[in-house]
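Asks: 3D, please:
(one chain, ligands or ions: 1)
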Amino acid sequence: MPLEDYKRYGRQMISENFGLPGQLRLRSARVLVVGAGGLGCPALQYLAAAGIGMIGVVDPDQVDISNLQRQVLHTTAREGWPKALSAKAAMEAINPAIQVIPHIIFLNSSNALPLFASYDLILDCTDNPQTRYLISDACVALGKPLISGAAIRYDGQLCVYNLPLRLADSEDERGPCYRCLWPVPPKQEEVGTCEEVGVLGTVTGVIGVLQAQAAIQLLAGLGPYAPEEKAVPTLLTYSALGNPMFRSLKLRPRRKDCLACGREGGARELVEEGDYVAFCGGAREDLEETGRRTGETRVEVQELQRRREGAVILDVRSKEEFSICHLPEASNVPLKTLLRDPLAYIPPGRDMYVLCKLGNDSQVAAHALRTALGNSAQVKDVVGGLRAWSKEIDITFPMY
Ligand SMILES: Nc1ncnc2c1ncn2[C@@H]1O[C@H](COP(=O)(O)OP(=O)(O)OP(=O)(O)O)[C@@H](O)[C@H]1O
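Replies: Model prediction:
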């Protein structure tokens, strides 16, 4: 190990059971982080600082100002950069001795297996169920441990899937995979993104750092991952507003009937079939094909602008979002409240325009209102929501 590394890593090397062997294991490790967003940034930051020899960063997205509240490797000056390159720049500024490999690609079933093959360990720092299933299946197919994080609103989760249980010998006994725990994907309407339902930067920070911590422990063989121990797979949940904030659940062993890890070659077949979007309920834009979007019942923001005077405008965002900004004529009934009793919100005989931030929730709300009314064209939803309004009608309207 180069002389300067003794100084750089001294504080962690003197920690009990870490030593020079621990540092050398980190130095020769290859870790792949999928997603350089809210979870990926803190995870990458600590992996880089700790001296992981080779770190791959997968993300096709570009840095946006709305990312900076939590995606701590990116900067205002790097707005518009590919996140993988921005992360690389930040990580190399912390630690120039490591190798950072940016992959500016969307992970899919064609590229996952060849990409994962060159790494020892995978971190899932993404934000959508189809990618989570794909990453887990690819890890099972290649026998790689998967450190998975998730965070939304004030809550987060951490789990190490496909965990080798006996690290000292070659017996390939492993803990459950993502599909063992979640054989059925969540319903689309239950999956909220950070953009839709919000997240605190510190919450993604806690979980991302815990992912890096699990990676370091696993690679250096510390604590529950020490070679003489038998690792116990657990699901750690974190709730910033909870008491206690952390809970740890011991996981059941692998499911014998798991489609991925329950049968030889199952995971590889799943990756090769590549049916992840359909498995998770189709692309969200599929709402367009369900018949909810028709010329008669969807209007562009220009039409809302023409008809806003005297019209009933129902804004179905949360009360917090409504308090940030709203059209002066609009009244607020959050989607969840509206869905409990849609009929209660319909003004007799007047046209109603349903509005939200992006134009997704308003479709769901308008559909519920029309169904309650017996398919009336009286209820219309506004394509593109307030984002379209702020782009096309009023550029001074705040967008968040
Ligand atoms: N299949 C995938 N391949 C590579 N990266 C992915 C994939 N799916 C998601 N990601 C990345 O994971 C990251 C998740 O970050 P985060 O949850 O903070 O959301 P975001 O998309 O950056 O922000 P927001 O939801 O606020 O728009 C994103 O940068 C996204 O591009």
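Asks: in stretch 353-364, what's buried?
Replies: 353, 354, 355, 356, 357, 359, 360, 361, 362, 363, 364 (16 or more other Cβ atoms under 10 Å). Bear in mind the C-beta positions are built from the backbone N, C-alpha and C, glycine included.
Asks: do that stretch and the ligand meet?
Replies: No. Taking Cβ under 6 Å from any ligand atom as the criterion, stretch 353-364 and the ligand are apart, separated by no less than 10.6 Å.
Asks: now do whichever residue of the chain sits closest to the ligand against residue 175, distance only.
Replies: Of all residues in the chain, residue 37 sits closest to the ligand, with a separation of 1.9 Å (Cβ to the nearest ligand atom). Residue 37 sits 26 Å away from residue 175, going by Cβ to Cβ, to the nearest Å.
Asks: ok, now residue 382?
Replies: Counting by Cβ to Cβ, the gap from residue 382 to residue 175 is 47 Å.
Asks: likewise residue 356?
Replies: From residue 356 to residue 175 the distance is 40 Å (Cβ to Cβ).
Asks: per-residue pLDDT, the residue nearest to the spatial centre of the chain?
Replies: Centroid-nearest residue in the chain: residue 127, 1.6 Å away (criterion: Cα atoms, centre = their mean). Looking at residue 127, its pLDDT reads 95.
Asks: surely it and residue 194 touch.
Replies: Yes. Contact criterion Cβ atoms under 8 Å: residue 127 and residue 194 qualify, at 6.6 Å.
Asks: OK, contacts around residue 30?
Replies: 52, 53, 54, 55, 56, 118, 119, 120, 121 (Cβ atoms under 8 Å, 6 or more residues apart in numbering).
Asks: find the nearest non-adjacent residue to the last one, please.
Replies: Translated: residue 121. residue 31 (5.0 Å; Cβ to Cβ, 6 or more residues apart in numbering).
Asks: same question for the second one.
Replies: If the residues on either side of it in the chain are set aside, residue 53 comes closest to residue 27, at 4.7 Å by Cβ to Cβ, 6+ apart.
Asks: residue contacts, the one you found?
Replies: 1, 5, 51, 52, 53.
Asks: want to try TSV for these, with neighbour count, pLDDT and distance to the ligand as columns?
Replies: Shown next, in TSV, are these (neighbours: other Cβ atoms under 10 Å; pLDDT from 0 to 100; distance: Cβ to the nearest ligand atom, whole Å):
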residue	neighbour count	pLDDT	distance to the ligand
1	14	92	33
5	16	96	31
51	21	98	24
52	29	98	19
53	15	98	22
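Asks: just flag the most distant two among these.
Replies: Within these, two members stand farthest from each other by Cβ to Cβ: 1 and 52, at 13.9 Å.
Asks: one step back: just the ones in strands from the contacts of residue 27, please.
Replies: Residues of these located in strands (DSSP state E): none.
Asks: just checking, which of the residues you listed belong to helices?
Replies: Among the contacts of residue 27, the members found in helices (DSSP state H) are residue 5.
Asks: export the contacts of residue 27 to TSV and append columns for distance to residue 325.
Replies: Compiled in TSV, the contacts of residue 27 are given as follows (distance: Cβ to Cβ, whole Å):
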residue	distance to residue 325
1	55
5	51
51	45
52	43
53	47
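Asks: list just the nearest of the contacts of residue 27 to residue 337.
Replies: residue 52 (47.1 Å).
Asks: surely the closest one meets residue 99?
Replies: No. If you go by Cβ under 8 Å, residue 52 and residue 99 don't touch, sitting 9.3 Å apart.
Asks: mind listing the helices for the stretch 1-150 of the chain?
Replies: 3-8, 10-13, 19-27, 40-50, 83-94, 112-117, 129-142 (DSSP state H, counting those that start in this stretch).
Asks: tell me which residues of the first one come out buried.
Replies: Neighbour-count burial for helix 3-8 flags 5, 8 (criterion: 16+ other Cβ under 10 Å).
Asks: which residues are contacting that helix?
Replies: 13, 23, 27, 51, 95, 97.
Asks: return the member of the residues you listed nearest to residue 308.
Replies: Once Cβ to Cβ is applied, the member of the contacts of helix 3-8 that ends up nearest residue 308 is residue 95, at 54.7 Å.
Asks: can I assume that closest one is in contact with residue 53?
Replies: No. Using Cβ under 8 Å, residue 95 makes no contact with residue 53, being 10.6 Å away.
Asks: list the buried residues in the lowest-mean-pLDDT helix or strand in the chain.
Replies: In the chain, no helix or strand scores lower on mean pLDDT, DSSP states H and E than helix 194-197, which sits at a mean of 80. By 16+ other Cβ under 10 Å, the buried positions in helix 194-197 come out as 194, 196.
Asks: sorry, back to before: check contacts around the residue of the chain closest to the ligand.
Replies: 59, 61, 67, 70, 71, 83, 125, 126, 127, 204.
Asks: list the buried residues of stretch 70-80.
Replies: Under 16+ other Cβ under 10 Å, the buried positions of stretch 70-80 are 70, 71, 72, 73, 74, 78.
Asks: ok, and which of those reach the ligand?
Replies: residue 71.
Asks: turn the buried residues of stretch 70-80 into CSV, including pLDDT.
Replies: Putting these into CSV (pLDDT from 0 to 100) gives the following:
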residue, pLDDT
70, 97
71, 98
72, 97
73, 98
74, 98
78, 98
